[in-house]
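Asker: Generate a structure from the sequence data that follows.
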Amino acid sequence: MIFESDKNSQFLSGLTGDDRKLLESVARTTAYPKDHLIMEAGDTVKGLWVVVKGRVRAVRSYMGSQITVATLGEGLVFGEMGFIEDLPASASVYGDADDNQVAFLSAADLNNLLVSVPGLAVRFYRALAAVISQKLRETSARIPALMVEEVAQVVQNPNTHTGRADLRSLPPSFVEGIDAFKGAMAQAERMLNKERKTADEVQPLVSAACTALRESLQEHVKRNEKLSDAIGAFAFRETFPFFMASQFIDIVYTKPRGYAGDFETINMIYENRPTGDGRIGPLVDRWILGEPHCSATRQRRGTVSAHIARLLAASPPEANLLVTSLAVGPGREFFDALELDRRGQVHITGVDIDPDSLNFVAERASAVGVLPRIRLVQGNIIRMATGKAPIELPPQHLVYSIGLMDYLQEPVVVKCLDWMFDILEPGGEAIIGNFDSRNPTKAFMDYIGEWVLIHRTPEDLRRIFAQSKFGERLVEVTADTTDIQLFARCVK
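Answerer: Predicted structure coming up:
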């Protein structure tokens, strides 16, 4: 019987044994090899498909690149919306395992059964509704703003900024520092607007005032842990109009894509082109883009691309170098490596939950001519790591994630490392990045931008690796020149 009941298939498990026999009697089963096209986007196929054996992947095209949006295993269904609404397919479907069998149930045959067998229609559409409901939940999990419980922002809603503490309970030196900051910014406004000073002439004053505020906030939060939230809330309220004139800080705080470190934010750091509102905004923007956490973000691009280049130099000239980037963002680090790879050996798989991130990468890949060497997968990395959304990859030489792990709690990082271990070939490397607990901009990120990350020490990273399948293997932890961006590397 090709339609065996499967607890993982809400469709088949929702039907009786007799129902499944009836469907089997009208099904047309076809074998498809790996990467063979089963259904093309835009096709109007009046029927329903069930994966009998193997696995299929649904992909959508953007700028000539195929972005994997779903992977379906045995017992799972596709084409259900086309069957119900008689609309063209929204994605193409390909065989994804070495041996795949897919059964097709035509709409005509299904409708004949549904009207002729008492009770079948009720059970069939209830089972189909469960399929649609499950896929809707999967789709919701791909939206960064709605998946706080699994990946993106540590703080789902902005903190309240009132009622934290009476002004008299705050450290007087901190309050005086806030007043000095506001006075300096008011002076900068006068110099720009009334005295007609140039931006370059005023920039040192703005940068010095912002740096002093950032240092004061960091110092007082660390020194007064019980008052840290009150100190942060007061700093936010008093400085909001000045800092939000910076486009970068504004986007970090408002999180239009659901979390602070999205691909647009990271790309703004890479581009380093200050802008903002009024005459003061670009000056604040220039300051923040030069701060240690932004400098560290720019440096990690070069660190990873240089490491890929070293692996490539050590590879045989005829061999491919397979690399996977988790939470790919703008992918600038692997573009640097691809553009230097004259022999075409480097092949990248980029995984991200945000389709716009993948579209950005696909567009750039097309522009620089490296599209054939990039595979893009839209997926929730946490669901992949926990086995809820499997992805098939050949053994990889390098798997890295430089902008994700400091959003995740320790048990989840361990699961991600387990997944990385499993897809590495023997001798392959895993690299994860994490902000160091010494980050001097942590309090500013936490309380002004509400860009809340889990900062860790080198010892923390070694302990996390030891809890994963990497076990007691040697973990090399290095820092960049800012001393706040850590890289933990381990060889399988």
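Asker: Name the nearest residue to F465, sequence neighbours excluded.
Answerer: With Cβ to Cβ, 6 or more residues apart in numbering as the criterion, F465 has its nearest non-adjacent residue at 4.6 Å, and that residue is V475. Bear in mind the C-beta positions are built from the backbone N, C-alpha and C, glycine included.
Asker: Tell me who's in contact with the one you found.
Answerer: Shown in contact with V475 (Cβ atoms under 8 Å, 6 or more residues apart in numbering): L461, R462, F465, A466, A488, R489, C490.
Asker: give me phi/psi at it?
Answerer: phi -110, psi 120 (degrees, to the nearest 10).
Asker: Same question for the one 10 residues further on.
Answerer: Q485 has phi and psi values of phi -100, psi 110 when expressed as degrees, to the nearest 10.
Asker: correct me, but it touches T441?
Answerer: No - contact criterion Cβ atoms under 8 Å: Q485 and T441 do not qualify, at 11.7 Å.
Asker: Which other helices and strands does the helix ranked longest in the chain contact?
Answerer: In the chain, taking DSSP state H as the definition, the longest helix is helix 199-223. Judged by 3 or more Cβ pairs under 8 Å, 6 or more residues apart in numbering; DSSP states H and E, the packing partners of helix 199-223 are helix 172-193, helix 228-243, helix 281-289, helix 442-447.
Asker: Determine which two of the contacts of V475 are furthest apart.
Answerer: Greatest spatial distance in the contacts of V475: A466 and R489, 14.3 Å, computed using Cβ to Cβ.
Asker: Among the two, which residue is more densely surrounded?
Answerer: Ranked by neighbour count (other Cβ atoms under 10 Å), A466 and R489 place R489 first, with 18 against 15.
Asker: so the more buried one is in which element?
Answerer: Using DSSP states H and E, R489 sits in strand 485-491.
Asker: got it, and I38?
Answerer: strand 37-39.
Asker: who's in contact with that strand?
Answerer: Under Cβ under 8 Å, 6+ apart, the answer for strand 37-39 is Y32, V45, W49, V56, F78, G79, A89, S92, V93, Y94, G95, V102.
Asker: Of the residues you listed, just the buried ones, PyMOL syntax please.
Answerer: Buried residues among the contacts of strand 37-39 (16 or more other Cβ atoms under 10 Å), as a PyMOL selection:
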select buried, resi 32+45+49+56+78+79+89+92+93+94+95+102
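Asker: re earlier: okay, the contacts of V475 in CSV with distance to R310 next?
Answerer: Converted to CSV, the contacts of V475 look like this (distance: Cβ to Cβ, whole Å):
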residue, distance to R310
L461, 21
R462, 22
F465, 21
A466, 26
A488, 17
R489, 12
C490, 16
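Asker: The protein - how does it break down into domains?
Answerer: By the assignment in automatic domain parsing, the chain contains the domains 10-141, 167-293, 312-491.
Asker: Now render those domains as JSON lines, adding mean pLDDT and distance to I2.
Answerer: Shown next, in JSON lines, are these (pLDDT from 0 to 100; distance: least, Cβ to Cβ, whole Å):
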{"stretch": "domain 10-141", "mean pLDDT": "84", "distance to I2": "5"}
{"stretch": "domain 167-293", "mean pLDDT": "94", "distance to I2": "41"}
{"stretch": "domain 312-491", "mean pLDDT": "93", "distance to I2": "22"}
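Asker: Just tell me which of those ends up closest to V304.
Answerer: Go through those one by one with Cβ to Cβ and the one that ends up closest to V304 is domain 312-491, at 4.1 Å.
Asker: Straight-line length of the closest one, end to end?
Answerer: 16 Å (Cα to Cα, to the nearest Å).
Asker: Helices of the stretch 1-150 of the chain, start to end?
Answerer: Using DSSP state H, counting those that start in this stretch, the helices of the stretch 1-150 of the chain run over 10-13, 17-26, 80-85, 107-116, 120-141.
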